[in-house]
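Asks: Provided below are the primary sequence and the corresponding predicted coordinates.
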Amino acid sequence: MHATTEESYDPTLALLTVEEAARRLSVGRTTCFALIRTGALEPTLVGRLRRVPADAIPEYVTRLRTARQAA
């Protein structure tokens, strides 16, 4: 049985999988990988695993909002 979004959300996590980051941004996995590839979303490597720092999510959203307000 799969956990629901509320059950799987853990605000104490410092590093998120790409899938967890995508879920927090309400985008698909492919879009999240594209954000990482373009540098819009900061990734980090733990060994061979790609992770997204949890604080990179609100930073990305802030940049989006700032860019929108400047336009």
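Replies: Yep, that arrived.

Asks: nearest residue to the spatially most central residue of the chain other than its sequence neighbours?
Replies: For the chain, residue 21 is the residue whose C-alpha lies nearest the centre (C-alpha atoms, centre = their mean; 2.9 Å). The shortest distance from residue 21 to any non-neighbouring residue, by C-beta to C-beta, 6 or more residues apart in numbering, is to residue 52 (4.0 Å). For the C-beta atoms, the positions are set from N, CA and C on the backbone; glycine is no exception.

Asks: The one you found should be in a strand, yeah?
Replies: Yes - inclusion of residue 52 in a strand is indicated when DSSP: H, G, I helix; E, B strand; the rest coil is applied.

Asks: Please name the residues that touch the residue nearest to the centre of the chain.
Replies: Listed by C-beta atoms under 8 Å, 6 or more residues apart in numbering, the contact set of residue 21 reads 32, 41, 52, 56-57.

Asks: Next, find the distance separating the residue nearest to residue 21 from residue 33.
Replies: 10 Å (C-beta to C-beta, to the nearest Å).

Asks: for residue 42, same thing?
Replies: Residue 42 is 13 Å from residue 33, by C-beta to C-beta.

Asks: can you check residue 64 too?
Replies: Distance from residue 64 to residue 33, by C-beta to C-beta: 18 Å.

Asks: Comparing these two, which residue is more hemmed in?
Replies: Per other C-beta atoms under 10 Å, whichever of residue 64 and residue 33 has more neighbours is residue 33, with 16 against 12.

Asks: Might one say that the more buried one is in contact with residue 17?
Replies: No - Residue 33 lies out of contact with residue 17 (C-beta atoms under 8 Å); the separation is 11.5 Å.
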